[in-house]
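**Student:** Give me coordinates for this.
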Amino acid sequence: MIQISDSARPHVHLIDHPLVQHKLTLMRKKDASTNSFRRLLGELSSLMAYEVTRDMATQDVEIETPLETMQAKQIDGKKLVFVSILRAGNGILDGVLQVVPGARVGHIGLYRDPVTLQAVEYYFKMPKDMQERDIIVVDPMLATGNSAAAAITRLKECKPKSIKFLCLLTVPQGINTLHAAHPDVEIFTAAIDRELNDHGYILPGLGDAGDRIFGTQ
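**Tutor:** Residues are numbered from 1 along each chain as shown. Next comes the predicted model:
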C-alpha cells in the first residue's frame with residue numbers, strides 16, 4: 001500500500017469536523033439519491049470552505065453600528081477565485097460560494113484518458129487580473145492526481161498570488177503526485193481513503209462523483 005510521503009504530509013489538511021464526517025458518510029452510501037447527494041455536497045462544501053479560507057487576509061474598514069463608528073475586519077472576496085475542474089468540481093461551487101459570495105469563478109475542463117489516465121485539457125476560462133488573486137481549486141476527488149497537477153500547472157501560467165486544492169476524498173497516491181508536481185500547494189480534504197483500483201477510482205470511495213451529482217452513468 002502506498003504511503004503519504006514525509007515531505008507531502010505537512011501540506012495535507014484533514015478536515016475532520018464531526019458534521020463534515022457525518023455528511024460524507026451519508027454521501028458514500030450507494031443508495032443515496034442524486035438529490036440527497038447533491039444537497040449533502042453543497043452543505044459539506046460550505047463547511048469545508050470555512051477551513052480552507054481560515055487564513056484569508058482581512059483589512060480594517062470603518063463602519064457604523066447602530067451606536068457608533070468603529071474599525072472592523074473585512075475580507076475582499078473579489079480577490080478570491082474558486083476554480084472548478086469540470087465537470088464534478090461544479091458540484092462544490094454552490095456550497096463554497098454560499099460562504100464567500102463575492103468570489104470570482106474560473107473553469108478548467110479536463111478529462112482523464114481511459115488508457116493512460118493522464119489529463120487532457122479541453123476548456124479554460126478565468127477572471128481577469130489573476131496575478132492579484134488567490135485561487136482555490138475545487139474537485140470532489142483527488143485520485144491519481146494527474147488532473148489536479150495538470151490544472152495547477154496551467155493555472156500557474158496566470159501567476160496568481162497563491163493556490164490551494166480542496167477535495168472531498170483523496171488517497172496517498174494522489175497526494176504524492178500532486179505534491180511532487182506542486183510542493184507549494186496545500187491540500188484540504190475530508191478523507192484520505194485506502195487506495196486506487198485498476199481503473200483509477202478511489203477505494204472505498206463513493207463512486208464517480210460527477211455521475212452521482214448529475215444523475216448520469
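**Student:** Now do the strands in this structure.
**Tutor:** 12-14, 59-64, 69-74, 80-86, 104-112, 119-125, 134-138, 141-142, 162-170, 186-192, 195-196, 202-203 (DSSP state E).
**Student:** OK, contacts around the nearest residue to Ile213 once chain neighbours are set aside?
**Tutor:** Spatial nearest neighbour of Ile213, chain neighbours left out: Gly91 (4.0 Å); criterion: C-beta to C-beta, 6 or more residues apart in numbering. Using the backbone N, CA and C atoms, a C-beta is placed for each residue, glycine as well. Residues in contact with Gly91 (C-beta atoms under 8 Å, 6 or more residues apart in numbering) are 38, 41-42, 45, 140, 209-210, 213-214.
**Student:** go on, Glu43?
**Tutor:** By C-beta under 8 Å, 6+ apart, the residues touching Glu43 are 23, 95.
**Student:** if I look at it, how far off is Tyr50?
**Tutor:** Here the distance between Glu43 and Tyr50 works out to 12 Å (C-beta to C-beta, to the nearest Å).
**Student:** Over to Gly102?
**Tutor:** Gly102 is 16 Å from Tyr50, by C-beta to C-beta.
**Student:** now Gln21
**Tutor:** Applying C-beta to C-beta, the value for Gln21 to Tyr50 is 15 Å.
**Student:** Kindly export stretch 128-148 (C-alpha atoms) in PDB.
**Tutor:** C-alpha atoms of stretch 128-148 as PDB (Å, rounded to 0.1, in the frame of the first residue of the first chain):
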ATOM      1  CA  LYS A 128      -9.100  39.000 -15.400                       C
ATOM      2  CA  ASP A 129      -6.100  40.100 -13.300                       C
ATOM      3  CA  MET A 130      -5.300  36.700 -12.000                       C
ATOM      4  CA  GLN A 131      -1.900  37.900 -10.700                       C
ATOM      5  CA  GLU A 132      -3.800  39.800  -8.000                       C
ATOM      6  CA  ARG A 133      -5.800  36.800  -6.800                       C
ATOM      7  CA  ASP A 134      -5.700  33.800  -4.600                       C
ATOM      8  CA  ILE A 135      -7.000  30.600  -6.100                       C
ATOM      9  CA  ILE A 136      -8.800  27.600  -4.500                       C
ATOM     10  CA  VAL A 137      -9.100  24.700  -7.000                       C
ATOM     11  CA  VAL A 138     -12.200  22.500  -6.300                       C
ATOM     12  CA  ASP A 139     -12.800  18.900  -7.400                       C
ATOM     13  CA  PRO A 140     -14.500  16.300  -5.300                       C
ATOM     14  CA  MET A 141     -11.800  13.600  -5.900                       C
ATOM     15  CA  LEU A 142      -8.000  13.700  -5.900                       C
ATOM     16  CA  ALA A 143      -7.400  10.200  -7.300                       C
ATOM     17  CA  THR A 144      -4.400   9.700  -9.500                       C
ATOM     18  CA  GLY A 145      -3.500  13.400  -9.000                       C
ATOM     19  CA  ASN A 146      -2.800  13.800 -12.700                       C
ATOM     20  CA  SER A 147      -5.800  16.100 -13.500                       C
ATOM     21  CA  ALA A 148      -5.100  18.200 -10.400                       C
END
